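> 3D, please:
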Amino acid sequence: MSTAFTIREATSLDIPEVLRQRRGMYFDMGYRDEVGLDGMVATSQHYLEEAMANGSLHAWIAEIPDGNIAGGGVVIVSPWLSRPHSHLCKQANILNVYTYPAYRRQGVARVIMHTLIAWCRGQGFAYVSLHASADGKPLYESLGFEPNNEMRLKLR
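Residues are numbered from 1 along each chain as shown. Coordinates of the predicted model:
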């Protein structure tokens, strides 16, 4: 059964919800260290307040008619050197795409992703990046996301 929902841009009043979704996302990916999860939420609060206020972070919420939240997603805009295919000195990254379990498999994440992608396109970005969980990878691939050559070195 499909649930009707609308996507709206989040405000600073939604920061607790964005943090609940971030915690839920990591929990669902298998992170069970409560101290680590609580620390992430606590340290992210101030960042979200500043980043939403200065426009370097934009978040969207999927809301159902009764006011409950089905999920959401975030775009972070970071200063970055321009590239040959994009002369913007910034880049966009999608993160924190999350759907609560009761609303999964109803198109919520897909509509959120279409919203985030359209916003990035409207801002003139040549591309947008994200890190995919195993559960999210099929959706992102179906939207045209491709693996790239990013590498990571664990420092601690």
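> mind giving me the packing neighbours of the lengthiest helix in the chain?
The longest helix of the chain (DSSP state H) is helix 34-54. Packing partners of helix 34-54 (3 or more Cβ pairs under 8 Å, 6 or more residues apart in numbering; DSSP states H and E): helix 15-28, strand 57-63. For the C-beta atoms, the positions are set from N, CA and C on the backbone; glycine is no exception.
> apply 10 Å and report the result again.
Applying 3 or more Cβ pairs under 10 Å, 6 or more residues apart in numbering; DSSP states H and E, we find helix 34-54 packed against helix 15-28, strand 57-63, strand 69-79.
> buried residues, the longest one. List them.
When you say that, I think you mean helix 15-28. For helix 15-28, burial by neighbour count (16 or more other Cβ atoms under 10 Å) applies to 15, 17-26.
> list the contacts of residue 132.
The contact partners of residue 132, by Cβ atoms under 10 Å, 6 or more residues apart in numbering, come to 94, 97, 138-141, 145, 147.
> if we can go back for a sec, export the longest helix of the chain to PDB, keeping only CA atoms.
In PDB, the C-alpha atoms belonging to helix 34-54 read as follows (Å, rounded to 0.1, in the frame of the first residue of the first chain):
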ATOM      1  CA  GLU A  34      25.200   4.000  21.700                       C
ATOM      2  CA  VAL A  35      28.000   6.200  23.000                       C
ATOM      3  CA  GLY A  36      29.300   6.800  19.400                       C
ATOM      4  CA  LEU A  37      25.800   7.400  18.100                       C
ATOM      5  CA  ASP A  38      24.900   9.800  20.900                       C
ATOM      6  CA  GLY A  39      28.200  11.700  20.400                       C
ATOM      7  CA  MET A  40      27.500  12.000  16.700                       C
ATOM      8  CA  VAL A  41      24.100  13.500  17.400                       C
ATOM      9  CA  ALA A  42      25.500  15.900  20.000                       C
ATOM     10  CA  THR A  43      28.400  17.200  17.900                       C
ATOM     11  CA  SER A  44      26.300  17.500  14.700                       C
ATOM     12  CA  GLN A  45      23.600  19.700  16.400                       C
ATOM     13  CA  HIS A  46      25.800  22.900  16.300                       C
ATOM     14  CA  TYR A  47      27.100  22.200  12.800                       C
ATOM     15  CA  LEU A  48      23.500  21.800  11.400                       C
ATOM     16  CA  GLU A  49      22.500  25.100  13.000                       C
ATOM     17  CA  GLU A  50      25.400  26.900  11.400                       C
ATOM     18  CA  ALA A  51      25.300  25.200   8.100                       C
ATOM     19  CA  MET A  52      21.500  25.600   7.600                       C
ATOM     20  CA  ALA A  53      21.900  29.300   8.500                       C
ATOM     21  CA  ASN A  54      24.700  30.000   6.100                       C
END
